[in-house]
Structures are given as C-alpha cells and as structure tokens.
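Colleague: Provided below for reference: sequence and predicted model.
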Amino acid sequence: MNKAHYLKTWFMFFQQVVDGKKTFEFRKNDRNFQLDDILCLQEWDYKEQVYTGREVKVVVTFMLNEFPGMVKGYVVLGIKSLEERCFLSKLMGMEIECEHASEQAFGESEKQYWNGYLSAVHEAIGFIEGKIFDEGLGEDEDDESD
C-alpha cells in the first residue's frame with residue numbers, strides 16, 4: 001500500500017514540478033520512501049518561513065539510492081504527476097491503485113474532474129472506433145495479391 005508524504009518544496013522549484021520540468025526529488029530518506037508512494041509537495045517560502053498554500057501531488061516512479069557518489073542516507077526520487085499517472089494508466093487499461101491513491105491525495109472536486117475527463121476520453125475513443133468499424137476500415141482483409 002502506498003503512503004502519502006507531505007513535504008516542503010521551496011518556491012523556486014515548486015512551479016518547475018507543476019510544469020513537469022523538474023521530474024525528480026533529492027531527499028534525505030528518513031521516511032522510507034517506496035515506489036508508488038504519493039508525495040504531497042507543499043510550496044514553502046523559505047525567506048518568509050511560511051507555506052504559500054499551493055500543493056501538487058506526485059507519485060514516486062523511480063528510486064536511486066546507495067549509488068557510488070551519493071551521500072549516504074539520501075535518495076533521488078523520479079516523480080510524475082499523480083493525475084497524469086492515473087490518467088495514462090487507465091487509458092492504457094493498466095491496473096494500478098489509482099482509486100486508492102486518489103482517495104488519499106485528491107479532494108472530492110478533483111476526483112469528479114478526472115472521472116469526468118476519463119469518461120469523455122472513453123466516449124471519444126468509442127466513437128472513433130465505431131466510425132472506423134462502421135466504415136469498414138478496421139476489418140482485416142486477406143491480401144491475395146502476392
């Protein structure tokens with residue numbers, strides 16, 4: 001079962017995570033991080049010593065620790081937006097614990113948004129597949145012109 005970790009993230013790095021440009025975290029491994037853990041990164045203004053109120057949820061997709069040259073007790077965590085991970089996994093029909101993760105990390109309005117989005121995508125895919133098969137473009141035909 002994945003755990004949720006609430007972590008301070010300095011404001012100068014926070015937007016880069018939100019924009020998908022910063023796809024890793026370098027952290028002291030004092031929380032026993034694991035693959036598929038959820039990180040609730042909370043924007044922190046270190047100059048004012050306050051949280052800004054902004055938060056982004058990501059999932060740990062990769063871990064690098066105890067590697068030559070790394071400081072003992074620290075870990076590099078590969079991260080991906082939780083919404084993106086769940087969306088892509090559901091779209092590809094993969095079984096991951098998105099429902100559990102979203103219950104832990106999403107508010108009710110976020111869950112409704114993503115459920116609606118997924119429904120619309122599935123409808124669009126169904127419509128496209130229906131059009132292709134209705135027009136005979138999706139059927140395999142034996143090619144007899146050898």
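Modeller: Thanks, I have the structure now.
Colleague: any idea how far residue 70 is from residue 18?
Modeller: Distance, residue 18 to residue 70, using Cβ to Cβ, to the nearest Å: 26 Å. Quick note: C-beta positions are derived from backbone N, CA and C, even for glycine.
Colleague: who has more neighbours out of those two?
Modeller: Neighbour count, other Cβ atoms under 10 Å: between residue 18 and residue 70, residue 18 has more, with 17 against 13.
Colleague: where does the more buried one land on pLDDT?
Modeller: You'll see residue 18 listed with a pLDDT of 89.
Colleague: residue 123 now?
Modeller: 68.
Colleague: so the residue nearest to residue 4 when sequence neighbours are not counted bridges to which residues?
Modeller: Using Cβ to Cβ, 6 or more residues apart in numbering and skipping residues adjacent in sequence, the residue nearest residue 4 is residue 38, 4.4 Å away. Note on residue 38: beta-bridge partners by DSSP bridges are residue 4, residue 59.
Colleague: I'd assumed residue 44 was in contact with residue 51.
Modeller: Yes: the pair residue 51 / residue 44 is scored as a contact, 5.8 Å apart, by Cβ atoms under 8 Å.
Colleague: and those two? Which one has more around it.
Modeller: Using other Cβ under 10 Å as the criterion, residue 51 and residue 44 rank with residue 44 on top: 19 against 14.
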